[in-house]
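**Q** Here is my input, please return the structure:
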Amino acid sequence: HVQLVESGGGLVRPGGSLTLSCVASGFAFSDYPLTWVRQTPEKRFEWVSITNSAETDDYYLDSVRGRFTISRDNGKNTLYLQLNRLNIEDTAMYYCAKIFWDSGEWSFGLWGQGTQVTVS
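**A** Here you go, the predicted structure:
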């Protein structure tokens with residue numbers, strides 16, 4: 001069964017930390033670039049972080065760089081996002097996704113169901 005399943009979200013105080021996990025199944029996890037994206041309460045969609053299969057040149061949204069860290073464990077088919085020094089503006093539904101490069105831009109191949117992060 002091809003799927004991505006996120007977990008680890010929750011309610012946290014400003015300045016707190018969370019670790020999000022995304023477990024993959026049904027495809028060759030280590031072969032693909034992966035991303036964490038989020039949708040804010042205002043329905044704004046943001047690319048939070050992207051990692052390629054070699055974990056080189058990771059991308060971070062400017063507002064999270066230095067606070068969030070993306071990583072992957074190919075042996076466990078799991079993608080992580082460490083969220084530190086959270087602030088209210090980080091409140092969003094966080095999704096992991098398998099992505100691919102097509103015609104000069106990233107496209108989505110598979111989404112998870114999302115995990116809610118609320119900073120309050």
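**Q** Name the residues linked to Ile50 by a beta bridge.
**A** Note on Ile50: beta-bridge partners by DSSP bridges are Thr35, Tyr59.
**Q** if I read this right, it contacts Leu61, doesn't it?
**A** No. No contact is recorded between Ile50 and Leu61 when judged using CB atoms under 8 Å, the distance being 9.7 Å. All C-beta spots, glycine's among them, are computed from the backbone N, C-alpha and C.
**Q** Just grab the bridge partners of Asp70 for me.
**A** That one is not Asp; residue 70 is Ile. Applying DSSP bridges to Ile70 yields these beta-bridge partners: Leu81.
**Q** show me what contacts it?
**A** 36, 49-51, 58, 60, 79-82 (CB atoms under 8 Å, 6 or more residues apart in numbering).
**Q** which among those residues end up buried?
**A** Among the contacts of Ile70, those classed as buried by 16 or more other CB atoms under 10 Å are 36, 49-51, 60, 79-81.
**Q** and which of the residues you listed is nearest to Leu11?
**A** Comparing these against Leu11 with CB to CB picks out Leu81 as the nearest, at 16.9 Å.
**Q** ok, the closest one - contacts?
**A** Applying CB under 8 Å, 6+ apart as the definition, the contact partners of Leu81 turn out to be 19-20, 22, 36, 48-49, 68-70, 94, 96.
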